[in-house]
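Q: quick one, fold the following:
(one chain, ligands or ions: 2)
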Amino acid sequence: MKYILSSSILAADFCNLEKDIRDAVKGGAEYIHIDVMDGVFVPSISFGLTVQSSIRKCTDAVFDTHLMITEPIRYVEEFAKAGSDIITVHLEACEDVHATLKKIKEAGCRVGLSIKPSTPVEDLKPYLDEVDMILIMSVEPGFGGQKFMEESLDRIREVRRMIKTSGRDIDLEVDGGIKIDNLKTVIDAGINVVVSGSAVFKGDVEKNARAFMEIMKAGR
Ligand code: DX5
Ligand code: ZN
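A: Ligands and ions are numbered 1, 2, ... in the order given. I've put the predicted structure just below:
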């Protein structure tokens, strides 16, 4: 299994975004996690296409775009054009999940599907044949710097079992409250793509990313 750090720029210093991204990549982050929030699906508004297109010019890292927006199907093509490699949408935000996932694939991106902490993991089952990645939210989406919800661990184990049963090669990503001290626990539960915002971008970014990677490599 390949273990990947996806560093969430929501916690980066936007006056020095290029430097922060370069430092995270130097430390070993293969993905840059881009949290797009619309103020409707989640209470906050973050940033969108303009920021993503701008930073596309300063890195070749994989862009892991997390759309926390209502009816994301409306914006799939534009995010693909703005440089997304992976587009993850929320099951709860789509009127037609199948059509949305199909649109992501047709746009040439890897297909991600996410669920909020209150959504039953079984709801993912009808889509297992259509996704490349499942994202388990371990906090209520909308804000960085929240505390990891411990009950996510059972959900992760359950989804990892579902993936094994499907026989498909699906990445399992976790997002929210991941720090050095709970990293091994989520990996042991079955995660192979780890999103982290504040624990990477607050302080020495390169050193933080490197510390994540050391633990993740040991899990291989
Ligand atoms: C929350 C976002 C997360 C957030 C994670 O809605 O989806 O990606 O940036 O931040 P931390 O790692 O600080 O919990
Ligand atoms: Zn996210």
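Q: hey, let's count contacts and neighbours off CA atoms from now on
A: Fine.
Q: what is the neighbour count of residue 121?
A: 17 (other C-alpha atoms under 10 Å).
Q: so it touches residue 157, yeah?
A: No: between residue 121 and residue 157 there is no contact under C-alpha atoms under 8 Å: 10.3 Å.
Q: can you pull out the helices in the protein?
A: Taking DSSP state H as the criterion, the chain carries its helices at 17-26, 49-56, 76-81, 97-106, 152-166, 180-189, 198-201, 205-218.
Q: okay, the shortest one in PDB with CA atoms only?
A: These are the backbone C-alpha positions of helix 198-201, laid out as PDB (Å, rounded to 0.1, in the frame of the first residue of the first chain):
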ATOM      1  CA  SER A 198      -2.600  22.800  11.000                       C
ATOM      2  CA  ALA A 199      -0.100  20.100  12.100                       C
ATOM      3  CA  VAL A 200       1.800  20.600   8.800                       C
ATOM      4  CA  PHE A 201       1.500  24.400   8.200                       C
END
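Q: and the pLDDT for the closest residue to residue 177 other than its chain neighbours?
A: Closest residue in space to residue 177, ignoring its immediate chain neighbours: residue 148 at 4.3 Å, by C-alpha to C-alpha, 6 or more residues apart in numbering. At residue 148, the model reports a pLDDT of 98.
Q: then residue 30?
A: Residue 30 carries a pLDDT value of 98.
Q: equivalent analysis for residue 218, please.
A: pLDDT at residue 218 comes out at 84.
Q: how close does it get to residue 58?
A: 30 Å (C-alpha to C-alpha, to the nearest Å).
Q: likewise for residue 149?
A: Distance, residue 149 to residue 58, by C-alpha to C-alpha: 34 Å.
Q: tally of neighbours for residue 149?
A: Residues near residue 149, counting by other C-alpha under 10 Å: 15.
Q: can you pull the contacts of it?
A: With contact taken as C-alpha atoms under 8 Å, 6 or more residues apart in numbering, residue 149 is in contact with 138, 139, 177.
Q: out of those, who's near ligand 1?
A: residue 177 (C-alpha under 6 Å from any ligand atom).
Q: as CSV, the contacts of residue 149 with neighbour count and pLDDT would be great.
A: As requested, the contacts of residue 149 are exported to CSV (neighbours: other C-alpha atoms under 10 Å; pLDDT from 0 to 100):
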residue, neighbour count, pLDDT
138, 24, 98
139, 23, 98
177, 21, 98
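Q: nearest to residue 32 among the contacts of residue 149?
A: Among those, residue 177 lies closest to residue 32 (C-alpha to C-alpha), at 16.6 Å.
Q: phi, psi of that closest one?
A: phi 70, psi 20 (degrees, to the nearest 10).
Q: measure residue 91 to residue 114 for me?
A: 6 Å.
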